[in-house]
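Undergrad: Return atomic coordinates for the entry below.
(one chain, ligands or ions: 5)
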Amino acid sequence: MKLSVFCLLVALVCQRAFADWVRQPFWYDDARRDKVAKGTVWPQPRSIQTTQQSLSLNPDSFSFSTSDDASSNANCKDVLDPAIERYRDLLFWIPAGERVSVSGDRVLGGLRVTISGGTCSEYPTLDSDESYTLEVPASGDATLRAQTAWGALRGLETFSQLVYEVDGKHKLNVTTISDEPRFRHRGVMLDTARHFLNVPYIKQNLDAIAYNKMNVFHWHIVDDQSFPFQSATYPDLSGKGAYTQDNVYTRQDVLDVIEYARMRGIRVIPEFDSPGHMQSWGQGYPELLTSCSPTNVQADIYHLGPANVARNSTYDFMQNLFTEIRDIFADDYLHLGGDEVHFQCWMSNAEIQDFMRQQGFPNTTQGFAQLEGYYIKRLLDIVEGLSVAPKRSRGIVWQEIFDNNILSGDFTVDLDTIIHVWQWNNSNFQGIPYWDELPLVTGAGYQAILSSCWYLNFISYGRDWPEYYACDPHNFTGTPQQKQLVIGGEAPLWAEWVDATNHVARMWPRASAVAERLWSPQSVTDSAAASPRMEEQRCRMVRRGIRAQPQGPSYCKYEWNLAGQAGNYVPTASGARGITGYAQQLLLSLFSCLVLTFGLS
Ligand SMILES: *[C@@H]1O[C@H](CO)[C@@H](O)[C@H](O)[C@H]1NC(C)=O
Ligand SMILES: *[C@@H]1O[C@H](CO)[C@@H](O)[C@H](O)[C@H]1NC(C)=O
Ligand SMILES: *[C@@H]1O[C@H](CO)[C@@H](O)[C@H](O)[C@H]1NC(C)=O
Ligand SMILES: *[C@@H]1O[C@H](CO)[C@@H](O)[C@H](O)[C@H]1NC(C)=O
Ligand SMILES: *[C@@H]1O[C@H](CO)[C@@H](O)[C@H](O)[C@H]1NC(C)=O
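TA: Numbering: from 1, shown residues only. Ligands and ions are numbered 1, 2, ... in the order given. All right, here's what the predicted structure looks like:
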């Protein structure tokens, strides 16, 4: 018996060691194999015909030109000219000392950009046309045609991605592309309340957003923990609610971010979440919030609960604050939050109870749902009242507002409001799966954006982007009209465990998977086929200065900060052990079995 236990242990140890030994070379091969594609586009265009015929680019003579339409319309020119300067830099990355002359090659001389009709808006909107066509012919200049400057930006990004490096030359292949996004709203969400992110980091993210053809930066700017937005109307919001007075966004900072985003065709949608998630507001303006009684009703958070929705002064405050917000943020939409309101605190407060009796709301969950609906309705009215014709000011709310509508049987929320679906049902959260929520939301006639399956703050071992890639906003049962009402999605990165040290790496290239899902045709679903393109997109971002994290063993030609490192470790193992490795492991397993059987008998 002792012998058998001994044999068992030996077998287990050997098995483990051999398995590791055998596996190692596979990892090694996998990492070495040239798995990075060259000159592929991310996200995959709607239609692309590429050929084997390659052209060279001459960095010294390559020229961009714009059509009269594009250069005469001030709005078009305003966005297009700086974009061309940016892409001129992004296009040629081979260091001058390593460049090889292209004389004698077939050379592409330039790119001509045309914006048909020259109809450009100052700001991108939900309805902006982002389509473009790109023609790289065997001879003559390449042409990029778009309806708007926003479409031209997407086309410039594509053009820059077609270029690859071979033996010291910038090359691209003869290609024809006709492209447009599948969804209109394609965003990432950054949370600057749990940790403050300074403006340069936000801008770096905006660059990455543009490299992935996303068009929304949802700025979850304030929350329970801090209020970094500096308001002129209510200075104590950040004066007392920010972590420190260094951790604030001045009006100028915010305008700077909006302008940087506009130049890249990105909408900035700020979120001022209420009536929950408002602890930081209460630091400077405690009368805004409900006093919970007893004070331990919300054991996890102080003694103040959600907004005191019974007081008219609360609505006056919102009216004034949102007037200032409306004045700063250019987008038609403001995100009004509305998630995770804990009813117990309201239930415990006599003023709220009195108000509910007056309004005829019962002292039940349903009654509190009605109460929250009442608040949001008044807030939406305030926001809509701030519309400056011809633009309309509208709200986006988290799904609880819609769910409460159902619960209270009281459809107070305007149909123009977009419902942001975020809940899911898994080990992290027991909620309604998105494929059950979207039919309800769209069935009631609301537009929806999806985030449930794209919470980038949840991390695990290994590469997770194929999971994000698999999730589809149309994965629910509904009529074509209902599918139409799903206008896109967002990848949120909640920042409890994320700050400037890690947020770019955690977001990219994981959010790139979401970017492709939201841009490319529904039929583009094979993550294995997408993998070499994903590798190229990651290396491209790294080369452009974005710390996009790796997706398994690999290398990029232009590694992050390679020059600053003390030489590269080169493994000494060489050659594949492939089939021999398998055979050895098989023999070892047989041997283990024999020992085991022999030992036990
Ligand atoms: C470009 O053409 C080369 C041959 O010149 C070919 O090896 C490569 O696969 C092509 N790349 C793309 C993206 O079509
Ligand atoms: C609060 O405002 C509402 C709506 O404007 C109004 O009907 C109500 O009379 C006001 N209540 C008080 C106490 O001023
Ligand atoms: C409301 O209901 C809760 C329990 O559901 C109860 O504890 C509380 O006393 C009620 N409040 C009023 C004012 O009826
Ligand atoms: C969520 O999952 C749990 C466990 O699998 C299940 O019991 C529950 O019914 C699910 N909830 C919804 C709303 O689907
Ligand atoms: C699609 O929806 C079904 C439920 O209808 C669900 O079981 C499946 O997991 C969903 N697929 C993805 C990739 O989310």
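
Undergrad: Going by secondary structure, Ile269 is in what exactly?
TA: Element membership for Ile269, per DSSP states H and E: strand 267-271.

Undergrad: helices or strands up against that strand?
TA: Judged by 3 or more Cβ pairs under 8 Å, 6 or more residues apart in numbering; DSSP states H and E, the packing partners of strand 267-271 are strand 216-220, helix 251-263, strand 333-337. The way it works is simple: take the backbone N, C-alpha and C, and place the C-beta from them, glycine included.

Undergrad: ok, now with 6 Å
TA: With contacts taken as 3 or more Cβ pairs under 6 Å, 6 or more residues apart in numbering; DSSP states H and E, strand 267-271 sits against strand 216-220, strand 333-337.

Undergrad: Dump these to JSON lines, plus distance to Leu304, mean pLDDT and mean neighbour count.
TA: Listed next are the helices and strands packed on strand 267-271 as JSON lines, based on distance: least, Cβ to Cβ, whole Å; pLDDT from 0 to 100; neighbours: other Cβ atoms under 10 Å:
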{"stretch": "strand 216-220", "distance to Leu304": "21", "mean pLDDT": "98", "mean neighbour count": "25"}
{"stretch": "strand 333-337", "distance to Leu304": "17", "mean pLDDT": "97", "mean neighbour count": "24"}
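
Undergrad: ok, back up a step: how about residues contacting the strand holding Ile269?
TA: 124, 216-221, 258, 261, 329, 331, 333, 335, 337 (Cβ atoms under 6 Å, 6 or more residues apart in numbering).

Undergrad: Between those residues, which sits nearest ligand 3?
TA: Gly337 (25.7 Å; Cβ to the nearest ligand atom).

Undergrad: Please name the nearest non-neighbouring residue to the closest one.
TA: Asp273 (2.8 Å; Cβ to Cβ, 6 or more residues apart in numbering).

Undergrad: Count the neighbours of Arg326 for me.
TA: Counted with other Cβ atoms under 10 Å, the neighbours of Arg326 add up to 18.

Undergrad: and the residue of the chain found nearest ligand 3, how far is that from Ala548?
TA: Taking Cβ to the nearest ligand atom, ligand 3 has its nearest neighbour within the chain at Asn363, 3.7 Å off. Going from Asn363 to Ala548 by Cβ to Cβ, to the nearest Å gives 52 Å.

Undergrad: can you check Asn349 too?
TA: 48 Å.

Undergrad: Compare those two (neighbour count), which wins?
TA: Ala548 (26 against 21).

Undergrad: these two touch, right, that one and Met507?
TA: No - assessed by Cβ atoms under 6 Å, Ala548 is found out of contact with Met507, at 8.5 Å.

Undergrad: Tell me the bridge partners for the spatially most central residue of the chain.
TA: In the chain, the residue lying closest to the centroid (Cα atoms, centre = their mean) is Val188, at 2.6 Å. Beta-bridge partners recorded for Val188 (DSSP bridges): Phe217, Ala491.

Undergrad: so where do the helices sit in the stretch 501-601 of the chain?
TA: Taking DSSP state H, counting those that start in this stretch as the test, the helices found in the stretch 501-601 of the chain are 503-507, 510-519, 527-543, 578-600.

Undergrad: where among those is the average confidence lowest?
TA: Among those, helix 578-600 has the lowest mean pLDDT, at a mean of 58.

Undergrad: Show the contacting residues for the residue of the stretch 351-500 of the chain found nearest ligand 1.
TA: Nearest to ligand 1 in the stretch 351-500 of the chain, going by Cβ to the nearest ligand atom, is Tyr469, at a distance of 20.5 Å. Contacts for Tyr469 (Cβ under 6 Å, 6+ apart) come out as Ala513, Ser527.
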